[in-house]
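# Dropping the sequence and predicted coords here.
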Amino acid sequence: MNDTFAFAIKRLRFDEHYQPSDSTRITTNFANLARGESRQENLRNTLKMIDNRFNALAHWDNPKGDRYTVELEIVSVEMAVDDAQAAAALPLIELLKTTVVDRKTNERHDGMVGNNFSSYVRDYDFSVVLPGHNNNQPRFTIPADFGVLHGQLFKAFVSSPIYKEHFKKAPVICLSVSSSRTYQRTENHHPVLGVEYLQDEYSLTDDYFAKMGLKVRYFMPPNSVAPLAFYFSGDLLGDYTALELISTISTMDTFQKIYRPEIYNANSAAGKAYQPSLQHQDYSLTRIVYDREERSRLAVEQGHFVEKHFIKPYRAVLERWSARYAR
């Protein structure tokens, strides 16, 4: 065994007819929306919210606010250790890829790859490793190597030939800000991303994504009520077009209104000093059904799944690969 990893990519359209595949992480946010009696209505309303948000931000030469529509693909990344293990490939990561359709010109524009981010190994780190490390401990601490393997796997995928074959630019991942940190509004204002915020110190998620080779900046887009965290590897403001940035904002601002309405669908906007809170009561609900408690419970189950089927069986292989990759 030569301890090499082979990546494979599967792409699946996310539309009102979407049904999660058997290999999809069931804690994935968009998979959660696609279950139950309200699944099709959930999906239809979510996509309409994304289009409305996009057109509100891309308002130039768009008098009726209906010029653009956003198409979404779920990008599932599988990884196998050596060719002999290809049949038992692990569904490693899931991202979203946006495409912007201009109804006026009939042109299709590449949007952003990244956006939403979900990972089996991250479930393992946060739902198995971290609680186990702090079990019966007097104070909360972080293991010395926390997130290192996950970060190396992500960087290996993004630098792989198959990533470059499918995507022209580096991913940008857009997440909620941390409720454990305070964010200060600055005077820096971007025409698309909006006003920039700075945090008092990096959160655990920020540090975790840093091990993936990603920096973070926080912006509150026009007509948003809270900043979003943008994770990227190059120049967020210089590497991407306005339409690419808007495709991420419209997609993830919509998802966050559904997932975290206390923060992103609050009835008042973030002030100069802002600390997000999921205990905030002055917010509005969307008409989209989302089971946040189920998602948290399933994250633990899937963390144990990856421990059983990936971490333990291939521990020696992973440790050798990780040590070489770090050189």
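On my side now, so go ahead. Note that the structure is predicted; figures quoted are calculated from it, not measured. Residues are numbered from 1 along each chain as shown.
# The helix or strand of the chain with the lowest mean pLDDT: what's the following helix or strand?
Taking mean pLDDT, DSSP states H and E as the measure, the chain has helix 29-33 as its least confident helix or strand, at a mean of 61. Per DSSP states H and E, the first helix or strand lying C-terminal to helix 29-33 is helix 39-57.
# Pull out the buried residues from that next one.
39, 42-43, 45-47, 49-51, 53-55, 57 (16 or more other C-beta atoms under 10 Å). Where C-beta positions appear, they are placed from N, C-alpha and C, glycine not excepted.
# Only alpha carbons, please: show it as PDB.
Extracted in PDB, the C-alpha atoms of helix 39-57 (Å, rounded to 0.1, in the frame of the first residue of the first chain):
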ATOM      1  CA  ARG A  39     -39.900  18.800   1.100                       C
ATOM      2  CA  GLN A  40     -40.900  20.200  -2.300                       C
ATOM      3  CA  GLU A  41     -42.400  23.400  -0.900                       C
ATOM      4  CA  ASN A  42     -39.300  23.900   1.200                       C
ATOM      5  CA  LEU A  43     -37.100  23.500  -1.900                       C
ATOM      6  CA  ARG A  44     -39.200  25.700  -4.100                       C
ATOM      7  CA  ASN A  45     -39.400  28.500  -1.500                       C
ATOM      8  CA  THR A  46     -35.700  28.300  -0.800                       C
ATOM      9  CA  LEU A  47     -34.800  28.700  -4.400                       C
ATOM     10  CA  LYS A  48     -37.200  31.600  -4.800                       C
ATOM     11  CA  MET A  49     -35.600  33.300  -1.800                       C
ATOM     12  CA  ILE A  50     -32.200  32.900  -3.400                       C
ATOM     13  CA  ASP A  51     -33.300  34.400  -6.700                       C
ATOM     14  CA  ASN A  52     -35.000  37.300  -5.000                       C
ATOM     15  CA  ARG A  53     -31.900  38.100  -2.900                       C
ATOM     16  CA  PHE A  54     -29.700  37.800  -6.000                       C
ATOM     17  CA  ASN A  55     -31.700  40.300  -8.000                       C
ATOM     18  CA  ALA A  56     -31.900  42.700  -5.100                       C
ATOM     19  CA  LEU A  57     -28.100  42.800  -5.000                       C
END
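# Could you list the low-pLDDT ranges of the protein?
1-4, 21-37, 82-88, 289-296, 326-327 (pLDDT under 70).
# Tell me which stretches of it form helices.
According to DSSP state H, the chain carries its helices in the segments 29-33, 39-57, 120-124, 130-134, 148-158, 161-166, 204-210, 242-259, 261-264, 292-306, 315-325.
# hmm, back to that, what's the closest of the buried residues of helix 39-57 to Pro143?
Nearest to Pro143, judged by C-beta to C-beta, of the buried residues of helix 39-57 is Thr46 at 36.4 Å.
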